[in-house]
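> Sequence below, structure please.
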Amino acid sequence: MSDAPPLTVFLDASVLYPASIRNLLLYIAGARLYRPLWSAKVHEEWIAALLRNRPDLNRQQLDRTRALMEAHVINAEVTGYEFLIDTLTLPDPNDRHVLAAAIHGGASIIVTANLRHFPAEKLAPHGLTAQHPDSFVFELMTSDLGAVLAVMRDHRLSLVNPPKTAEDYLATLERHHMTATAAALRAVIDRL
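Numbering: from 1, shown residues only. Predicted coordinates for the structure are as follows:
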């Protein structure tokens, strides 16, 4: 791996909501294959959505997850971006805070499952693109398969409740629309 600073990426709430995708993205960040950013508002969005949709979870559990994320990735939270919000235009005005924080944090990519909310023509003037997590991880794999594969193997082996076989791991990725990533991994499943 080069000594160049890692790619800076803003993570939208839609990719922090599913635990398996959130954990995978954090594992990859832990290997310094990219630098993740988020905001307190993004944290509140994914936490609120989980509390609405998963009655088996409580605020204390999710606040613990947030604290672990913040301990795992130092200086990931973007602050002071609010002045930009009203200057931006997106199809859903409620997403302007994501774009504002990504700009202010110096990101070059917004990783989101809601690509239609972040059209290229609205992001390009700010030097940003939006990528689905599948495209993002797949591109990382394309640029350094060995490093990403090692991280994904470590991630899979960390899953102990219940443990996941390589095939189970791929099935989880496919369930979360990570089909290109899963297909690429299938070709090297013996190393996963």
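> Leu26 is in contact with Tyr34, correct?
No: counting by Cβ atoms under 8 Å, Tyr34 does not reach Leu26; the two are 10.7 Å apart. (C-beta placed from N, C-alpha, C; glycine too.)
> who has more neighbours, the two?
Tyr34 (21 against 18; other Cβ atoms under 10 Å).
> which one is the more buried one nearest to, not counting chain neighbours?
Distances taken as Cβ to Cβ, 6 or more residues apart in numbering place Leu7 nearest to Tyr34, at 4.4 Å, with adjacent residues excluded.
> if I look at the one you found, how far off is Pro133?
To Pro133, Leu7 is 14 Å away according to Cβ to Cβ, to the nearest Å.
> The two: which has the busier surroundings?
The residue with more neighbours, out of Leu7 and Pro133, is Pro133; 24 against 16, by other Cβ under 10 Å.
> Would you mind measuring from that one to Pro93?
From Pro133 to Pro93 the distance is 24 Å (Cβ to Cβ).
> Surely the residue nearest to Tyr34 and Ser108 touch.
Yes: with contacts counted by Cβ under 8 Å, Leu7 reaches Ser108, the gap being 6.5 Å.
> Let me see the contact set for Ile189.
By Cβ atoms under 8 Å, 6 or more residues apart in numbering, the contact list for Ile189 reads Ala166, Glu167, Leu170.
> typed the wrong thing, it's Glu77
Leu37, Trp38, Ser39, Ala40, Glu70.
> which one is Pro91 nearest to, not counting chain neighbours?
His117 (5.8 Å).
> Tell me if I'm right that that neighbour and Arg96 touch.
No: applying Cβ under 8 Å, one finds His117 not in contact with Arg96, separated by 10.1 Å.
> Endpoints of stretch 64-82, how far apart?
In stretch 64-82, first residue to last residue: 26 Å (Cα to Cα, to the nearest Å).
> quick one: Thr181 and Leu25, what's the gap?
12 Å.
> For the two, list the residues in contact with both.
Val137.
> Domain map for the chain?
8-133, 137-191 (automatic domain parsing).
> Now mean pLDDT too, for those, in JSON lines please.
Below are those laid out as JSON lines (pLDDT from 0 to 100):
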{"stretch": "domain 8-133", "mean pLDDT": "96"}
{"stretch": "domain 137-191", "mean pLDDT": "95"}
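> for Ile110, what are its contacts?
Val9, Phe10, Asp12, Val98, Leu99, Ala102, Phe118, Leu123, Leu128, Thr129, Ala130, Gln131.
> ok, those residues vs Gly30, which is closest?
Val9 (13.7 Å; Cβ to Cβ).
> The closest one sits in which helix or strand?
If you go by DSSP states H and E, Val9 is part of strand 8-11.
> okay, now the closest residue to His97 other than its chain neighbours: neighbour count?
Residue nearest to His97 in three dimensions, not counting chain neighbours: Lys41, with 5.2 Å by Cβ to Cβ, 6+ apart. Using other Cβ under 10 Å, Lys41 has 16 neighbouring residues.
> Buried ones in whichever strand or helix holds Lys41, by neighbour count?
Element membership of Lys41, judged by DSSP H and E, is helix 40-53. The neighbour-count check on helix 40-53 (16 or more other Cβ atoms under 10 Å) flags Lys41, Val42, His43, Glu45, Trp46, Ile47, Leu50 as buried.
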